[in-house]
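Asker: turn this into a structure:
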Amino acid sequence: MIEVSLQHRFAGGDGGRMQEAGFAIDLAFRSPTPGVTAIFGPSGCGKSTTLAAVAGLLRPQAGRIVLDGEVLFDSAARRMVPPERRRCGVVFQDAQLFPHLSVRSNLRYGLRRAPRGAEGPALEEVVALLGIEPLLDRRPARLSGGERQRVALGRALLSRPRLLLMDEPLSALDAARKAEVLPFLARVRDRFRIPILYVTHAMDEVDALADRLVVLEAGRVLAEGTVEALAARPDLPALAGRRDAGAVIRCTLAEQLPGRGLTRLDFAGGALLVPAVPGAVGEALRIRVPARDVSVAVARPEGLSVQNILAARLEQLTPLPSGEVMLALAVGPTSVLSRVTADAAARLALREGMPLWALVKAVALSHRSDEEAAAG
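Answerer: A predicted model of the protein is given here:
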């Protein structure tokens, strides 16, 4: 279990990144280990400061940090474990590799930082897992952004950490490079089972990697819980107000339909037909159903190209600042979101508790098994 409780007010220029004078953090959360906890929120909300405190790079004015029963910081007891003894592997946004060293030497630096006798992966295993063998003799200047991040991750792993701290490691990459690195992060998560605190403001990274989500706003915890539970809450503007808002659903690959070019995914409460997804029957998947791609009808429609028409019950209507309305729908025990215009809600006389039909037009695959990630 990771337990974090922090109270800190900045005078300005404190905490590793420039913070506005007077900015205050007062937050607390707990996350099980192992697992990936995403710390999510807009710029300046305190995400990186939280990571700095856990790493020991910032001494909070008050609070307590505990990792699997070991107290790393306790202001009341005046205990502050130095950063080098916390065994936290840190991966920053800009990789921070040594430019004068080869990739091989950068990786060996991580090994030299590992405590004597600490168990962990060997250099050869990390190189193979991250696919960086062709890069070993290069220097960082000759690497792409995605390659640099993979090497930085390898160096952190070779320090034999008890906890990985990742501070927006993909935010400087374009979409193609991010897609290159995400499967490797998933491999690390599944292979080594090291607890990870992952700072991001990108929901696709949360979907692909995280088990739990801590949503920050202005230095406070707005909400925490599983990704599935928080993604389905229409009352969280930090999530529901985004254009990519949608429900996250755990599914099982139930049937391949090669003659139709489709795959059937079963979930608690129903099934979805999606464009063919490679994989074995029985494989566990996680998908995002974007709210903007879910329409509703008061009667079952006929003669449509949309194949996924699900019986639902309207649980909640939440007006959005955009002038739209977010609908929380129950499809059996599973929550689905739908974003409609206020005019549509009025024309259909939508009210909580009424039965509806949900028309799902698109599904985004957000997570699959380690074997599929390794296959690329």
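Asker: and the most centrally placed residue in the chain, how far is that from C251?
Answerer: Geometric centre of the chain, nearest residue: V206, 1.9 Å, by Cα atoms, centre = their mean. The spacing between V206 and C251, counted by Cβ to Cβ, to the nearest Å, is 17 Å. For glycine as for every other residue, the C-beta is placed from the backbone atoms N, C-alpha and C.
Asker: I39 is in contact with the residue nearest to the centre of the chain, correct?
Answerer: No. The criterion here is Cβ atoms under 8 Å, and V206 misses it with I39 at 9.8 Å.
Asker: now the nearest residue to A77 once chain neighbours are set aside: how far from G63?
Answerer: Excluding the flanking residues, the one nearest A77 by Cβ to Cβ, 6 or more residues apart in numbering is V71, at 7.3 Å. V71 sits 11 Å away from G63, going by Cβ to Cβ.
Asker: just L123 next, same as before
Answerer: Counting by Cβ to Cβ - L123 and G63 are separated by 37 Å.
Asker: more neighbours: which of those two?
Answerer: G63 (20 against 16; other Cβ atoms under 10 Å).
Asker: for the lengthiest helix in the chain, which positions count as buried?
Answerer: Secondary structure of the chain per DSSP state H: the longest helix is helix 175-192. Using 16 or more other Cβ atoms under 10 Å as the test for burial, helix 175-192 gives 177-178, 180-189, 192.
Asker: packing partners of the helix or strand encompassing L285?
Answerer: According to DSSP states H and E, L285 maps onto strand 284-290. Here strand 284-290 is seen to pack against strand 246-257, strand 270-275, strand 364-367 when contacts are counted using 3 or more Cβ pairs under 8 Å, 6 or more residues apart in numbering; DSSP states H and E.
Asker: could the buried residues of helix 175-192 go into TSV alongside distance to G279?
Answerer: Putting the buried residues of helix 175-192 into TSV (distance: Cβ to Cβ, whole Å) gives the following:
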residue	distance to G279
R177	25
K178	22
E180	21
V181	22
L182	17
P183	14
F184	19
L185	20
A186	14
R187	16
V188	21
R189	18
F192	23
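Asker: just give me the closest of the residues you listed to D266.
Answerer: Using Cβ to Cβ, the shortest approach to D266 within these belongs to A186, at 22.5 Å.
Asker: can I get the one helix or strand A229 maps to in PDB? Just the C-alpha atoms.
Answerer: Per DSSP H and E: A229 is located in helix 227-231. Backbone C-alpha positions of helix 227-231 (Å, rounded to 0.1, in the frame of the first residue of the first chain) are rendered in PDB as follows:
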ATOM      1  CA  VAL A 227     -10.400   4.100 -13.600                       C
ATOM      2  CA  GLU A 228     -13.700   2.400 -14.500                       C
ATOM      3  CA  ALA A 229     -15.600   4.000 -11.600                       C
ATOM      4  CA  LEU A 230     -14.300   7.500 -12.100                       C
ATOM      5  CA  ALA A 231     -14.600   7.500 -15.900                       C
END
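Asker: next one: it to chain centre, how far?
Answerer: Offset of helix 227-231 from its chain centre (Cα atoms, centre = their mean, to the nearest Å): 11 Å.
Asker: need the contact partners of it.
Answerer: In this structure, residues lying in contact with helix 227-231 by Cβ atoms under 8 Å, 6 or more residues apart in numbering are 38, 206-207, 210-213, 215, 223-224, 236, 239, 245-250, 286, 288.
Asker: cool, and stretch 34-41?
Answerer: Counting by Cβ under 8 Å, 6+ apart, 2, 29, 31, 47, 50-51, 189, 193-201, 203, 205-206, 209-217, 222, 227, 238 sit against stretch 34-41.
Asker: returning to that earlier point: can you redo the helices and strands packed on strand 284-290 as a markdown table, where the extra columns are mean pLDDT and mean neighbour count?
Answerer: Shown next, in a markdown table, are these (pLDDT from 0 to 100; neighbours: other Cβ atoms under 10 Å):
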| stretch | mean pLDDT | mean neighbour count |
| --- | --- | --- |
| strand 246-257 | 95 | 20 |
| strand 270-275 | 95 | 17 |
| strand 364-367 | 73 | 20 |
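Asker: need those in CSV (columns: distance to L58).
Answerer: Shown next, in CSV, are the helices and strands packed on strand 284-290 (distance: least, Cβ to Cβ, whole Å):
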stretch, distance to L58
strand 246-257, 32
strand 270-275, 44
strand 364-367, 32
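Asker: my guess is F23 contacts C45, does it?
Answerer: No. In this structure, F23 is not within contact of C45 by Cβ under 8 Å, at 9.7 Å.
Asker: between the two, who's got more neighbours?
Answerer: C45 (23 against 20).
Asker: for that one, report the pLDDT, please.
Answerer: Confidence at C45, expressed as pLDDT, is 91.
Asker: how many neighbours does V325 have?
Answerer: Neighbours around V325, by other Cβ under 10 Å: 20.
Asker: please read the previous query as pertaining to R300.
Answerer: 10.
Asker: report the contact partners of the nearest residue to it once chain neighbours are set aside.
Answerer: Once flanking residues are discounted, R300 sits nearest to W357: 5.2 Å by Cβ to Cβ, 6+ apart. By Cβ under 8 Å, 6+ apart, W357 lies in contact with V296, A297, V298, A299, R300, P301, I309, L310, A311, A312.
Asker: so which of the residues you listed belong to strands?
Answerer: V296, A297, I309, L310, A311, A312 (DSSP state E).
Asker: so the third one versus S295, what's the distance?
Answerer: Taking Cβ to Cβ as the measure, I309 and S295 are separated by 10 Å.
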